[in-house]
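Chemist: Predicted model, plus sequence, below.
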Amino acid sequence: MTTNILMPALSPTMEEGTLAKWLVKEGDEVRSGDVIAEIETDKATMEVEAVDEGRIVKLVVPAGTENVKVNAVIAVIAGEGESAGAAPAPSAPAAKPAKSEATPAAAPAKPAPAPEPVATPADPDLPEGTEFVSQTVREALRDAMAEEMRRDKNVFVMGEEVAEYQGAYKVTQGLLEEFGPARVVDTPITDHGFAGLGVGPALAGLRPIVEFMTFNFAMQAIDQIINSAAKTHYMSGGQMHSPIVFRGPNGPASRVGAQHSQDYASWYAHIPGLIVIAPYSAADAKGLLKAAIRNPNPVIFLENEILYGKSFDVPKLDDYVLPIGKARILKVGKDVTLVSHSHGLTYCLEAAAKLAEEGIDAEIIDLRTLRPLDIDTIVASVKKTNRLVTVEETWPVCGIGAEIAARVQADAFDWLDAPILRVTQKDVPMPYAANLEKLALPSADDVVQAVKAVCYR
Amino acid sequence: MAKKPARTSPSSKPAAKKAAPKKKADSPAAPSRADDLKAYREMLLIRRFEEKAGQMYGMGLIGGFCHLYIGQEAVIVGVMGAAKPGDQIITGYRDHGHMLACGMDPKGVMAELTGRSGGYSRGKGGSMHMFSVEKAFYGGHGIVGAQVPLGTGLAFANKYRGNDNVSLTFFGDGAANQGQVYESFNMAELWTLPVVYVIENNQYAMGTSIARASAQTNLSKRGVSFNIPGEQVDGMDVHAVQTAADKAITWCRAGKGPYILEMMTYRYRGHSMSDPAKYRAKEEVNKMRAEHDPIEQVRHRLLEGGTSEDELKEIDKEIRAVVAEAAEFAQASPEPDPKELWTDVLSPVAVAGA
């Protein structure tokens, strides 16, 4: 039995090379690992090692030959105890991968539909006579974590100042007292490290909640969030899961300058394998954080410092869990659709009140989840109002509004009576000076102006 | 001839002052014949598998990056010899040997290299991204050093659950210069997490020698400021590796916190398939292969101990058959169904009790 030695590909892109030199001659015995030849590629000279053992019976390609195609036979080896008979001169067998029954890449027709999770159920109906309590967003978030920690001992929370300090923004207040230091873990200031350390237990089946003091610091950890948490399920062919929640305040705060005042919504919404939630009200913060903790996927939960202290009515229920991926219509209207999330909705609500005085009835959609995006709710609204303005505290370029505009024009082009407009943070780093900061942020007046423009008024 | 590499004289001094176990002056008990035969078989499987992978890469059957483990076999085989079921293993991208030593099926590993549906990740991970829940193998990570916080987190999970499992976290001399490694060291010692950091010092971070990259080239000392004990080990000697790993794992299992083992090892091939390794002298490689080869050391010991050539040949033959079967499977297995493009992006939401 003879074995062919083939011209090897020595880089991902190599198609041919020069067989520079033979280091063996016909009749030589070779063992695995022996260097038998040198090959020049366009980048380097590489050594070729024998993989099979035996005697070289034929050097098919002479030294110095240029443009030897990858997979051409360059030599023939005979196994132990075989005669060096006439060497065959076989043709190079092309290494063809066994193709599945797949259709070969056809002309780029319609892009395959991205598989968003199946139809998301609507918010559960509240039982007759449900009481409401007034709670701040901060309290609602704390209650959500506490309830889930009571329910599942695999849930724990870690981050800077979450335990003894009671949270830099007091969101984890009281958790240490109830659950102890094994489940409410103060970390050193080591954002990259503890983000990765948090993903480990998630892969091992625990349910970590990792708090970033603010999402500005998560930039140091974004490799672990994206490369380790978001991609592992896919890269493992579905074997591994990373049920982890990364949460903390996000978005412009107040007078803290460019490094501490930034909205990361579109950064994370860009990533397949992540779920991104950005609630506005306390009820949604509670219901969605509980859902996030139970979800088997990595969830980015974007809170807002300015909203932490704002109070809302929260249903007084034992287990208030909301569906991920479902927008809420915050205000029904007929003339124009406003789409926003998190703190952006304060501008929308204020603008809607002003617009009402001028006889414009705006519908307001609170996205709540940014990935997967509830495009159906937006499109249905646009088909009713025929006008769309998106509002966000992100920069305009490649922002959430840009994504919404692209999808709405694809799905509801014929229903639009005006171009889609975006109200965003101005395209500059956040300035510190009070007047400049105000100019950089979107405002209710910006929203009013945009609405008037799309209504041609 | 089996000799210790000149550079790797295993320091008997623990790097940290803390009560690191002192290495006894007398050498550890000689390995049993059964131990040696097991190690021989496991190392040979990795060697032959990697040679075959290199060959299949040359034939265009394996794409992208392919980092071979040839020369370093004693490290993973020795460490696994000291581990027990339940201990977790996590490493970087030079990971084929680790998977085989964990007991993962060579067929599934090779089929992942060829990007086929029979691969461990159904063709969606590739050489650097394979996992096995069953064997507690947590990857296979392509970002240099990223596995170190993850492995530290596995140890955190062990402590959280109160079990006695140990996380075996492997990384190279190159990764040892990443900041997140030290963030992990700090938390591991702070919280006394059961993790053995196994630094596979093969002396070259891609093309940069350790002397050109590291201010402190004794990497076993990298835990000193965190009070993590560490020691250098002759990583070409599987018995020395297993003995050191035994000690380190016992330390961790006893709840004493992390431990660092710097394995002085060597890769024979380039960093990846397209690296001609011109940054080191050929003589250096040849000397390592000739004098310190981990497989030859064991083979020599076995022959001296009375094992016959024929018996070893029989093992060689068996291993070749296993590798040939893996290679055939990896070529016959179909490419993933196009529908697979869209699966496993998100885990389906568990319904019951959600």
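Modeler: Good, I have the coordinates. Numbering: from 1, shown residues only, chains lettered A, B, ... in the order given.

Chemist: Nearest residue to the middle of chain B?
Modeler: Here the mean C-alpha position of chain B is nearest to the C-alpha of B:I76 (Cα atoms, centre = their mean), at a distance of 4.0 Å.

Chemist: need the next SSE after the helix or strand harbouring that one, C-terminal direction.
Modeler: Remark: B:I76 resides in helix B:73-82, with elements defined by DSSP states H and E. Downstream of helix B:73-82, the next assigned helix or strand under DSSP H and E is strand B:88-90.

Chemist: who does that following strand touch, helix- and strand-wise?
Modeler: Here strand B:88-90 is seen to pack against helix B:147-161, strand B:167-172 when contacts are counted using 3 or more Cβ pairs under 8 Å, 6 or more residues apart in numbering or on different chains; DSSP states H and E. In short, each C-beta sits where N, CA and C put it, glycine included.

Chemist: Quick one: closest of these to chain A.
Modeler: Each of the helices and strands packed on strand B:88-90 was checked against chain A via Cβ to the nearest Cβ, and the shortest separation belongs to helix B:147-161, namely 1.8 Å.

Chemist: okay, the angle between the closest one and strand B:167-172?
Modeler: In terms of direction (axes from the mean of the first three to the mean of the last three Cα atoms, to 10 degrees), helix B:147-161 departs from strand B:167-172 by 170 degrees.

Chemist: For helix B:147-161, what is the distance to the chain centroid?
Modeler: Computed by Cα atoms, centre = their mean, to the nearest Å, the chain-centroid distance of helix B:147-161 equals 18 Å.

Chemist: gap between the residue nearest to the centre of chain B and A:S261?
Modeler: With the distance defined as Cβ to Cβ, to the nearest Å, B:I76 ends up 47 Å from A:S261.

Chemist: Tell me which residues touch the residue nearest to the centre of chain B, please.
Modeler: Applying Cβ atoms under 8 Å, 6 or more residues apart in numbering or on different chains, one finds that B:I76 lies in contact with B:46, B:69, B:97-98, B:101, B:170.

Chemist: Next, work out how far apart A:A146 and chain B are.
Modeler: When Cβ to the nearest Cβ, to the nearest Å is applied, the distance between A:A146 and chain B equals 18 Å.

Chemist: Hmm, I typed the wrong one, I wanted A:E139.
Modeler: Following Cβ to the nearest Cβ, the distance that separates A:E139 from chain B is 24 Å.

Chemist: what helix or strand is that residue on?
Modeler: Of the helices and strands defined by DSSP H and E, A:E139 is found in helix A:137-151.

Chemist: any residues touching that helix, and which ones?
Modeler: Contacts made with helix A:137-151 from outside it, assessed by Cβ under 8 Å, 6+ apart, are listed as A:135, A:155-157, A:169-175, A:178-179, A:183, A:209, A:247, A:279, A:281-283, A:285-287, A:289-290, A:293-294, A:303-304, A:307-310, A:312, A:314, A:319.

Chemist: Counting only helices, which of the residues you listed make the cut?
Modeler: A:175, A:178-179, A:282-283, A:285-287, A:289-290, A:293-294 (DSSP state H).

Chemist: Now narrow these to whatever sits close to chain B.
Modeler: Judged by Cβ under 8 Å from any Cβ of the partner chain, the overlap between the ones in helices among the contacts of helix A:137-151 and the neighbourhood of chain B comprises A:R294.

Chemist: closest to B:G142 among the ones in helices among the contacts of helix A:137-151?
Modeler: Within these, proximity to B:G142 (Cβ to Cβ) peaks at A:I293, which comes in at 28.8 Å.

Chemist: circling back to that earlier point, apart from its chain neighbours, what residue comes closest to the residue nearest to the centre of chain B?
Modeler: In space, B:I76 comes closest to B:A101 once its chain neighbours are excluded; the distance is 4.4 Å by Cβ to Cβ, 6 or more residues apart in numbering or on different chains.

Chemist: So what's the residue count around that neighbour?
Modeler: When counting by other Cβ atoms under 10 Å in any protein chain shown, one arrives at 25 neighbours for B:A101.

Chemist: residues touching it, list them.
Modeler: Counted by Cβ under 8 Å, 6+ apart, B:A101 has contacts B:42, B:46, B:76-77, B:80.

Chemist: Only the buried residues of stretch A:307-319, if you could.
Modeler: Of the residues in stretch A:307-319, those with enough neighbours to count as buried (16 or more other Cβ atoms under 10 Å in any protein chain shown) are A:307-308, A:310, A:312, A:314.

Chemist: Nothing else from me, thank you.
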